[in-house]
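Student: everything below, folded, please.
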Amino acid sequence: MQHFEVQFQPDGRTVRVHRGATLLEAAGLVGIILTNPCGGIGRCGKCKVRLLPSEKDVLACQYTIEHDVEVYIPDTSRYFKQQILEHGINPDVLTEPMVCKISLENPSADPVQLCHAISQTLGAPCNADLNSPTVNQKLQDFGDTPLTAVIRQDTESGNWLLADLEHGDTTGMLFGLAVDIGTTSIVARLVNLITADVSSTVSASNPQAQYGADVISRIGFSDTPGGQEKLQQAVIACLNDLTGEASKEAGISPSAIYEVVIAGNTTMNHLLLGYPVAQLGQAPYEAHSVTSANIGPEQLSLAINPAGNIHTIANIAGFVGSDTVAAALACGMDICNTPTLLVDIGTNGEIVFGTKEHLIAASCAAGPALEGAGIEFGSRAQAGAIERVVLADNDIDVDVIGTAEAATICGSGLIDAVAVMLELEIIDTTGRFAAPEEMDPFVSTKIRRRLITYQDEPAFVLAGQLKEDAWHNTVMLTQKDVRQLQLAKAAIRAGITLLLKAAGQTENQIQQILLAGAFGNYIQKENAVRIGLLPQVAKEKIHFVGNAAGSGAHMALTSQPARNLADTLAEQIEYLEIAHKPEFQMIFSDCLLFPEK
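Tutor: Residues are numbered from 1 along each chain as shown. Below is the predicted model of the structure:
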């Protein structure tokens, strides 16, 4: 099957996709989430994009790719831009961060008069610690030369405080970092706090994984001598690496970063802040703290401007953290009028269900399979990873991130591959590989050649070179891989079932499903339903929202009202502990099976 290159402007992102894919799918593969409330059936007209250079407007969900194409995406078609407007956060308020800069041409050497001048420019009172050696020393050092005042809004009083003074006019250099600390992956967005635009996005595997693949194993490691300190140092070192990488990519110094907003599950939050975590590993799984926090960079040795601030979003409970709050914020769960299910898939999956009147949340230990860990050829969504598997010409074809050669498979590709294998009856509803004599006789020779034995167990080749009846440079799916996916999808589906039961609702009453997670920005809706990951709902009710936790952190970084709303959501969302429900094991076992064809 032919593959074509799609360029998205003004993002400057490029992806190669198979013939027949839609622009909506292609955009999702590079992390651009488009508005499509109709579910991609072409009814709402909200995903309108412009073909270049013809300037022709088309619907991304309806335009199929038959050649290389360049596309311009307006803000009006972007999902999270629309969510911000729906929250009533207009563009002026959107760029209202907790820190700002004011240039002073003829500053007074008197701190009191200096604050008075700042207050006049700001239009609001600004105070300073008159005994601060930093402020007084810099006033003496700078003399009467132009300077820039860095001012910060106090989170409790709402008053503006003079945080620092900088020589010359540095008002154009004001950046922040929105971070999503996942159990398996960490994603950081460098944001221009003047425009609220993303300057660069970087990611890395969470280095804490060397001490345990999931939160329970890390909680256990933290109880060993020096364990908690090692876990904290590992994530801080990773954050500093990402800060440097994002800054270099944007052409700025890390010292231009004055605010960091961090989302993550409760265990990740506690390990970062140095809070005790032992109690999270035993009933009743209580958090040390669920409130948001503001701390100076020196306390965490974070390499940003010394006058900066680190804000951690509030948690909900022991196993539902600030990443869920951030995702709910980004997806507008507080303004949903119809029953909505938000599923944030990760190693520690979280689900939220309800309307603006009542929201209820739960956590499910999905494990790292959907982020590529524990899979024989698995990886994060990175260059060389298979992200799409499709049936084509009596065979299968794959889309690979960034390159033509497949080296691994990420979560979205894993879901596609298993769905295809179910459709071909290569595996049955229990997940077992069919013996050759059990297979449908109409299955093509091309497909049959992909069934091999790998390390004494059946496997299915997804990519590679077939030479003289032998496969080389292969990426394959093994029986063990299928079992790992079953465990992950069963945990999530069981959580959904129990959450709906607690809310007194059924699957038929779900009006929309918002699917989030960094395992891959776009999966085939029908395949997520086919493997039983999601309930059997009409595909137009399913919407993919990408890394919603990261988008929520971005909103809390650039908007004070959004940050306040995050605190409110954390208090209002009800938590349901599902793991110890009497019926959990039975429901989980049922969910291990794949749905009938």
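Student: which SS state does the nearest residue to residue 222 once chain neighbours are set aside fall under?
Tutor: Distance criterion C-beta to C-beta, 6 or more residues apart in numbering; nearest residue to residue 222, sequence neighbours excluded, is residue 228 at 4.1 Å. Backbone N, C-alpha and C define where each C-beta goes, glycine included. Three-state call for residue 228 (DSSP: H, G, I helix; E, B strand; the rest coil): helix.
Student: and residue 228, what pLDDT?
Tutor: Model confidence at residue 228, expressed as pLDDT, equals 97.
Student: ditto for residue 11
Tutor: Each residue has a pLDDT score; the one for residue 11 is 87.
Student: ok but it is inside a strand, no?
Tutor: No - with three-state DSSP as the criterion, residue 11 is located in coil rather than a strand.
Student: the spatially closest residue to it that is not a sequence neighbour: how many residues sit nearby?
Tutor: The shortest distance from residue 11 to any residue other than its chain neighbours is 6.2 Å, reached at residue 32 (C-beta to C-beta, 6+ apart). Burial measure for residue 32: 24 neighbouring residues, criterion other C-beta atoms under 10 Å.
Student: just to revisit the earlier point, contacting residues for the residue nearest to residue 222?
Tutor: Listed by C-beta atoms under 8 Å, 6 or more residues apart in numbering, the contact set of residue 228 reads 222, 271, 274, 276-277.
Student: against residue 278, how distant is it?
Tutor: Distance, residue 228 to residue 278, using C-beta to C-beta, to the nearest Å: 9 Å.
Student: what residues are shared contacts of these two?
Tutor: Here residue 228 and residue 278 have residue 222 as joint contacts, going by C-beta under 8 Å, 6+ apart.
Student: partner strands of the longest strand seen in the chain, with direction?
Tutor: Selection of the longest strand in the chain by residue count, based on DSSP state E, yields strand 457-467. For strand 457-467, the pairing partners within the sheet under DSSP bridges are strand 451-454 (antiparallel), strand 470-478 (antiparallel).
Student: if I look at the residue nearest to residue 222, how far off is residue 186?
Tutor: In this structure, residue 228 lies at 18 Å from residue 186, with C-beta to C-beta as the measure.
Student: can you give me the helices for the stretch 351-500 of the chain?
Tutor: Taking DSSP state H, counting those that start in this stretch, the helices of the stretch 351-500 of the chain run over residues 411-423, 445-448, 479-502.
Student: what helices and strands are in contact with the longest one?
Tutor: Just to be clear, that refers to helix 479-502. The elements that helix 479-502 packs onto, with contact taken as 3 or more C-beta pairs under 8 Å, 6 or more residues apart in numbering; DSSP states H and E, are strand 340-344, strand 349-355, strand 358-364, helix 411-423, strand 457-467, helix 584-592.
Student: which outside residues touch the first one?
Tutor: Right, strand 340-344. Outside of strand 340-344, the residues within contact range by C-beta under 8 Å, 6+ apart are 323-324, 327-328, 331, 333, 349-355, 492, 496, 510-517, 534-535, 548-549.
Student: now those: which count as buried?
Tutor: Buried positions within the contacts of strand 340-344, assessed by neighbour count (16 or more other C-beta atoms under 10 Å), are 323-324, 327-328, 331, 333, 349-355, 492, 496, 510, 512-517, 534-535, 548-549.
Student: phi and psi next, for the nearest residue to residue 394 once chain neighbours are set aside.
Tutor: If you skip the residues right next to it in sequence, residue 394 has residue 444 as its closest partner in space, 3.8 Å away by C-beta to C-beta, 6+ apart. Residue 444 has phi and psi values of phi -70, psi 160 when expressed as degrees, to the nearest 10.
Student: count the neighbours of residue 444 for me.
Tutor: Number of residues near residue 444 (other C-beta under 10 Å) recorded here: 12.
Student: per-residue pLDDT of it, please?
Tutor: Value listed for residue 444 in the pLDDT field: 93.
Student: now residue 194: how far from residue 77?
Tutor: Taking C-beta to C-beta as the measure, residue 194 and residue 77 are separated by 24 Å.
Student: also residue 391?
Tutor: Computed with C-beta to C-beta, the distance linking residue 391 and residue 77 is 30 Å.
Student: with residue 555 instead?
Tutor: Distance from residue 555 to residue 77, by C-beta to C-beta: 19 Å.
Student: then residue 585?
Tutor: Taking C-beta to C-beta as the measure, residue 585 and residue 77 are separated by 45 Å.
Student: which one of these two is surrounded by more residues?
Tutor: When residue 585 is set against residue 77 and neighbours are counted by other C-beta under 10 Å, the residue ahead is residue 77, at 23 against 12.
Student: residues contacting that one?
Tutor: Listed by C-beta under 8 Å, 6+ apart, the contact partners of residue 77 are 34-35, 46-49, 60.
Student: next step: the residues you listed restricted to strands.
Tutor: Applying DSSP E to the contacts of residue 77, the entries found in strands are 48-49.
Student: coming back round to it: gap between the residue nearest to residue 222 and residue 179?
Tutor: Residue 228 sits 20 Å away from residue 179, going by C-beta to C-beta.
Student: now do the buried residues in stretch 357-366.
Tutor: Neighbour counts using 16+ other C-beta under 10 Å place 359-366 of stretch 357-366 among the buried residues.
Student: what about the stretch 101-250 of the chain, any weak spots by pLDDT?
Tutor: When residues are selected by pLDDT under 70, those of the stretch 101-250 of the chain lie in 130-133.
Student: what about the helices in it?
Tutor: Applying DSSP H, counting those that start in this stretch to the stretch 101-250 of the chain gives helices spanning 111-122, 133-142, 215-222, 227-250.
Student: the ones you listed: which one's closest to residue 172?
Tutor: helix 227-250 (12.9 Å; C-beta to C-beta).
Student: and the angle for the closest one with helix 215-222?
Tutor: Per axes from the mean of the first three to the mean of the last three C-alpha atoms, to 10 degrees, the angle that helix 227-250 makes with helix 215-222 is 120 degrees.
Student: in helix 227-250, what's buried?
Tutor: 227-228, 230-232, 234-236, 238-243, 245-247, 250.
Student: now do stretch 61-68
Tutor: Under the neighbour-count criterion of 16+ other C-beta under 10 Å, stretch 61-68 has 61, 63, 65 buried.
Student: quick one: contacts of that stretch?
Tutor: With contact meaning C-beta under 8 Å, 6+ apart, stretch 61-68 is reached by 4-6, 17, 19-24, 26, 34, 36, 38, 40-42, 47, 49, 51.
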